[in-house]
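J.: I would like the atomic coordinates for the input below:
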Amino acid sequence: MVKFIRNILDFFYPLASRVFDKTTYYYAACGTGNLVLSWFLFFLFFQFVFQKKVFYITYIDYSISAYSLSSFVCFIIAFCVGFLLMKYIVFTKSELKGRVQLFRYGLSALITWFSSWLILKLFIEMLHIYPSIANMISSCIVVMISYLLQKKYTFK
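T.: Prediction:
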């Protein structure tokens, strides 16, 4: 599967070679694919699985919105897919052990997901932007933070 993905990316690389070095191109392509997947999954979870509801947890007197649940489930899926793409496609020259990469990736992913979730919450609750649109905007805002964390820390 890794070879298949790399072959597809390499086929299109000449189109981007004037703008990006290969690592940045791989990162952008894999990250964009994972981001679009998470947007699609967020929409499905928000609309159809959690059906835009607020869920009440009575024994701890807490409520959680469908958009928060959708965001969290998408984070788990995107985390798994993203780590595999970053480790085996993008940052293959990293000499760090896999468990160190996983820990660092997890830490950077939690930081970016939490930042994205806070922005998402702000857009939905204060600016009244529809959740699927707010999710797209908030995730775009944190993309650069994610890239810098992964390049300078996770896969250094």
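
J.: Show the low-confidence segments of the chain, by residue range.
T.: Low-confidence segments of the chain, defined by pLDDT under 70: 154-156.

J.: Longest helix in it, by number of residues?
T.: helix 98-125 (DSSP state H).

J.: list the helices and strands that helix packs on?
T.: Under the contact definition 3 or more CB pairs under 8 Å, 6 or more residues apart in numbering; DSSP states H and E, helix 98-125 sits against helix 66-85, helix 131-149. In this view, the C-beta of every residue, glycine as well, is placed from N, C-alpha and C.

J.: looking at those helices, which is closest to residue 107?
T.: Nearest to residue 107, of all the helices and strands packed on helix 98-125, is helix 131-149, at 8.3 Å by CB to CB.

J.: Show me the contact partners of that closest one.
T.: The contact list for helix 131-149, computed with CB atoms under 8 Å, 6 or more residues apart in numbering, reads 27, 31, 35, 38-39, 42-43, 46-47, 52, 66-67, 70-71, 108-109, 111-112, 115-117, 119-120, 123-124, 127, 129.

J.: again, only using 7 Å
T.: 27, 31, 35, 39, 42-43, 46, 67, 71, 108, 111-112, 115-116, 119-120, 123-124 (CB atoms under 7 Å, 6 or more residues apart in numbering).
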